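K.L.:
coords please:
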Amino acid sequence: MGLSVVQGFTKSLAMTVLSEIGDKTFFAAAILAMRHPRRHVLSGCLGALIVMTILSAVVGWAAPNLISRNWTHHITTILFLGFGLWSLWDAFKDGEAEDFAEVEKELNADLKSNGGETKVNNNKDEDDDKKQSRPFLTQFFSPIFLKAFSITFFGEWGDKSQLATIGLAADENPLGVVLGGILGQALCTTAAVLGGKSLATQISEKIVALSGGVLFIVFGIQSFLSTVES
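P.N.:
Reported below is the predicted structural model:
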């Protein structure tokens, strides 16, 4: 397969950055970083996004082996054009900072349903009992890490960026797609965690959505005009 790693990397990096900036998981990372240690939030969110990127690329890589490359190429073209129109529609119909307020509300509701996450306990015996009765994964990972990981992973599942990564990996070099995707996720997540609310609320969702829509349409047209490699 003579597909260019550099081309897959470049497309994946550009697509990931424009898809993830201003996305719900971007806002979730910013909000969590304001309430919890940044290192746990960053590692949890980034870990989930890396796993999701690799899984998506594997699915995209396997697709041409299950159905003909000709079909996967046409499906990818339709996906890119569809996502481009979807992004442009979102840009004109959504209000500014709407997603941030929505995500903040959801996280606040989750915090209330759990009765708060930090309660001071001075009794050492109670602490030991609590430690033994904790869920299995929390014995090895920070609860904040697990929370950031799960919120990000399930927030990305079935998202436009995940489906676009699958389509891109089916049409481009999967290694380039993975590397570009991981770098893009790292840049966006780090910006969200370090920038927090001040950065998140200054981002123009309309401009990001417009840029992403144009990029998807360009990818779709390029895919439509390109020949299918056998």
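
K.L.:
alpha carbons only for contacts and neighbour counts from here, please
P.N.:
Fine.

K.L.:
for the record, mean pLDDT for the helix or strand hosting residue 26?
P.N.:
Taking DSSP states H and E as the definition, one finds residue 26 inside helix 24-35. Throughout helix 24-35, pLDDT has a mean value of 83.

K.L.:
from residue 152, how far out is residue 7?
P.N.:
Going from residue 7 to residue 152 by C-alpha to C-alpha, to the nearest Å gives 27 Å.

K.L.:
same check on residue 63?
P.N.:
In terms of C-alpha to C-alpha, residue 63 sits 25 Å off from residue 152.

K.L.:
which one of residue 7 and residue 152 has more residues nearby?
P.N.:
More neighbours surround residue 152 than the other of residue 7 and residue 152, with 23 against 15 (other C-alpha atoms under 10 Å).

K.L.:
mind listing the helices for this protein?
P.N.:
5-20, 24-35, 38-66, 69-93, 98-113, 124-133, 143-156, 160-171, 174-200, 205-225 (DSSP state H).

K.L.:
least reliable of those helices going by mean pLDDT?
P.N.:
Among the helices of the chain, helix 124-133 has the lowest mean pLDDT, at a mean of 46.

K.L.:
stretch 152-172: end-to-end distance?
P.N.:
End residues of stretch 152-172 are separated by 25 Å (C-alpha to C-alpha).

K.L.:
what of stretch 60-72?
P.N.:
Counting by C-alpha to C-alpha, you get 9 Å between the two ends of stretch 60-72.

K.L.:
show me which residues of it are buried.
P.N.:
60, 61, 63, 64, 69, 72 (16 or more other C-alpha atoms under 10 Å).

K.L.:
just give me the closest of these to residue 208.
P.N.:
residue 60 (25.3 Å; C-alpha to C-alpha).

K.L.:
hmm, that closest one is touching residue 168, no?
P.N.:
Yes - at 7.1 Å, residue 60 and residue 168 qualify as touching, with contact defined as C-alpha atoms under 8 Å.

K.L.:
who touches both of the two?
P.N.:
Counting by C-alpha atoms under 8 Å, 6 or more residues apart in numbering, the common neighbours of residue 60 and residue 168 are residue 174.

K.L.:
spatially nearest residue to residue 54, not counting backbone neighbours?
P.N.:
Setting aside the residues directly before and after it, residue 54 is nearest to residue 178 in space (C-alpha to C-alpha, 6 or more residues apart in numbering), at 6.1 Å.

K.L.:
residue 190 against residue 44, yeah?
P.N.:
No - using C-alpha under 8 Å, residue 190 is not in contact with residue 44, being 11.5 Å away.

K.L.:
format the buried residues of stretch 60-72 as a markdown table; extra columns: distance to residue 13.
P.N.:
Listed next are those as a markdown table, based on distance: C-alpha to C-alpha, whole Å:
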| residue | distance to residue 13 |
| --- | --- |
| 60 | 16 |
| 61 | 17 |
| 63 | 21 |
| 64 | 22 |
| 69 | 23 |
| 72 | 21 |
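
K.L.:
list the contacts for the closest residue to residue 14 other than its chain neighbours?
P.N.:
Spatial nearest neighbour of residue 14, excluding adjacent residues (C-alpha to C-alpha, 6+ apart): residue 184 at 7.4 Å. Residues counted as contacts of residue 184 (C-alpha under 8 Å, 6+ apart) are 12, 13, 14, 16, 17.

K.L.:
how many neighbouring residues does the third one have?
P.N.:
The number of residues packed around residue 14, counting by other C-alpha under 10 Å, is 16.
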